[in-house]
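Trainee: Got a predicted structure plus its sequence, pasted below:
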Amino acid sequence: MKIKNIPSVVKLLDYFEDHARYNERYRSACIAWNIKLSRAFLGLQEEHYEEYSLDKKWDEKWVEYKESNDDLFWDTCNNCLDWVDEQYLYTHGMEFNDFKLYRVGRSGGHLILNKFDGFDLEGFDLTEEAEQAYYDNMPDEDEDDEESKPDDSEAISAAIDTVICYADLYHFCKAIDDMDPDDHFLSELAHHRSFKEEEWEEEEEDERRERLGLIDLPGQLYLSEELEAMAGA
């Protein structure tokens, strides 16, 4: 067990019983999240400018960049999924490398988890698995003593152990539950813009230097021959 904080058996059973599922054609339902964007169209907000030190002088250029970059939306979505790996695995001290998250739907609006830490989650039903573990470990009834009930303590323990095995999965899913798709998307978009602004700043500086005729040599700046001649005239 990788995570020390183990929820109660009832809490685990209730959580997975109530969690959203997604049914794909020819496949059983998998654990899923609705990640459709509803507020992202509002664009970057003031907090994004502050968080990433964005400069509003680039607002117009940013709009032009977005309109000319057809891949920006989907690239940002893919980066969001990469961020899930880093944030919710490494930051939370988890070391899972055997899981599969992917998007489905016409617009990729549902996030599916169908593999986790060796567990195949297609058609996952924790209550059913716990019941199966119980009956698999239930001792046979004594045919000579029909009135007595068999000791089911081992069967109960087996059922509980089966449920507890999914504690890591519970924490992983809960972390994604807490993620706001719109905030996450816009934050990733602002992060991307911060890099573009660095490029634009460099381009602006290069244009300024070229306009002034400045030549950049190691450790020093020199005026071009034309400007030197003008200065000496």
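Mentor: Good, I have the coordinates. Quick caveat, the model's predicted, so the values are computed rather than measured. Residues are numbered from 1 along each chain as shown.
Trainee: Could you use CA atoms for every contact and neighbour count after this?
Mentor: Will do.
Trainee: what about the helices in the chain?
Mentor: Ranges of helices in the chain, per DSSP state H, are 9-18, 46-51, 59-68, 72-85, 126-136, 153-164, 167-177, 181-212, 225-232.
Trainee: Return the set of buried residues in the longest one.
Mentor: When burial is assessed from 16 or more other CA atoms under 10 Å, helix 181-212 yields the following buried residues: 181-191, 193-194, 196-197.
Trainee: contact partners of stretch 62-69?
Mentor: Contact partners of stretch 62-69, identified using CA atoms under 8 Å, 6 or more residues apart in numbering, comprise L72, R193.
Trainee: Let me know the average pLDDT across that stretch.
Mentor: Here stretch 62-69 scores 92 as its mean pLDDT.
Trainee: just stretch 81-96 next, same as before
Mentor: Stretch 81-96 comes out at a mean pLDDT of 60.
Trainee: want to throw the helices of the chain into JSON lines with distance to K36?
Mentor: Formatted as JSON lines, the helices of the chain follow (distance: least, CA to CA, whole Å):
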{"stretch": "helix 9-18", "distance to K36": "20"}
{"stretch": "helix 46-51", "distance to K36": "20"}
{"stretch": "helix 59-68", "distance to K36": "20"}
{"stretch": "helix 72-85", "distance to K36": "11"}
{"stretch": "helix 126-136", "distance to K36": "27"}
{"stretch": "helix 153-164", "distance to K36": "31"}
{"stretch": "helix 167-177", "distance to K36": "13"}
{"stretch": "helix 181-212", "distance to K36": "7"}
{"stretch": "helix 225-232", "distance to K36": "58"}
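Trainee: list the contacts for C30?
Mentor: When contacts are counted by CA under 8 Å, 6+ apart, C30 touches R21, Y22, N23, I112, L113, N114, L121, E122, G123, F124.
Trainee: For it, give its distance to I156.
Mentor: C30 sits 27 Å away from I156, going by CA to CA, to the nearest Å.
Trainee: do E198 as well
Mentor: Separation of E198 from I156 (CA to CA) stands at 61 Å.
Trainee: Y134 against A158, yeah?
Mentor: Yes - taking contacts as CA atoms under 8 Å, Y134 lies within contact range of A158: 6.1 Å.
Trainee: who are the neighbours in contact with S38?
Mentor: Residues near S38 by CA under 8 Å, 6+ apart: D182.
Trainee: typo on my end, it should be K57
Mentor: Not one residue lies near K57 by CA under 8 Å, 6+ apart.
Trainee: now M138
Mentor: Counting by CA under 8 Å, 6+ apart, M138 has contacts P150, D151, D152, E154, A155.
Trainee: Could you tell me how many residues sit around the fourth one?
Mentor: I take that to be E154. Other residues lying near E154 total 13 when counted by other CA atoms under 10 Å.
Trainee: So for D177, what's the pLDDT?
Mentor: pLDDT, D177: 88.
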